[in-house]
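> the sequence isn't on hand, but the structure is:
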């Protein structure tokens, strides 16, 4: 199964700069160390955004969880990094109740 409406998937830039790449965010700082070691930073967020969207649009959903907020989908796959290394990550998406657009929640190494 593919992520529903993956062609509408959204990865807000703020989610990348203020969370996934933030070295001061309480949760994100641990993920930031991983992504920054691979060459991702504030100067190339569009590349990270593209790689995460590519996963959402091409890979199969690995897990589905229904919550009070909507339906969460887990999608795994390989991304290309600025340093030329391919790494496998897990991305998590939500389709909020009464909505159809998948919104990026987080990503981390597998």
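Yep, it's here. In this text the structure is predicted, and so the values were computed from the model without any measurement. Residues are numbered from 1 along each chain as shown.
> so residue 57 sits in a strand?
No - assigned with DSSP: H, G, I helix; E, B strand; the rest coil, residue 57 falls outside any strand and is helix.
> residues contacting the nearest residue to it once chain neighbours are set aside?
Using Cβ to Cβ, 6 or more residues apart in numbering and skipping residues adjacent in sequence, the residue nearest residue 57 is residue 6, 4.5 Å away. C-betas here are computed from N, CA, C, even on glycine. When contacts are counted by Cβ atoms under 8 Å, 6 or more residues apart in numbering, residue 6 touches 56-57, 102.
> from those residues, which is closest to residue 71?
Nearest to residue 71 out of those is residue 102 (Cβ to Cβ; 9.2 Å).
> now the strands for the chain?
Secondary structure of the chain, counting by DSSP state E: strands at 61-66, 70-80, 86-96, 103-109.
> and those strands: which comes nearest residue 1?
Of the strands of the chain, nearest to residue 1 by Cβ to Cβ is strand 61-66, at 4.9 Å.
> re earlier: need the strands of the chain in CSV (columns: mean neighbour count, mean pLDDT and distance to residue 25).
Listed next are the strands of the chain as CSV, based on neighbours: other Cβ atoms under 10 Å; pLDDT from 0 to 100; distance: least, Cβ to Cβ, whole Å:
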stretch, mean neighbour count, mean pLDDT, distance to residue 25
strand 61-66, 12, 98, 23
strand 70-80, 18, 98, 20
strand 86-96, 17, 98, 16
strand 103-109, 17, 97, 11
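> reformat those strands as JSON lines; add distance to residue 28.
As requested, the strands of the chain are exported to JSON lines (distance: least, Cβ to Cβ, whole Å):
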{"stretch": "strand 61-66", "distance to residue 28": "21"}
{"stretch": "strand 70-80", "distance to residue 28": "17"}
{"stretch": "strand 86-96", "distance to residue 28": "13"}
{"stretch": "strand 103-109", "distance to residue 28": "8"}
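> looking at the ones you listed, which is closest to residue 14?
Residue 14 lies closest, by Cβ to Cβ, to one member of the strands of the chain: strand 103-109, at 10.7 Å.
> any idea of the angle that closest one forms with strand 70-80?
50 degrees (axes from the mean of the first three to the mean of the last three Cα atoms, to 10 degrees).
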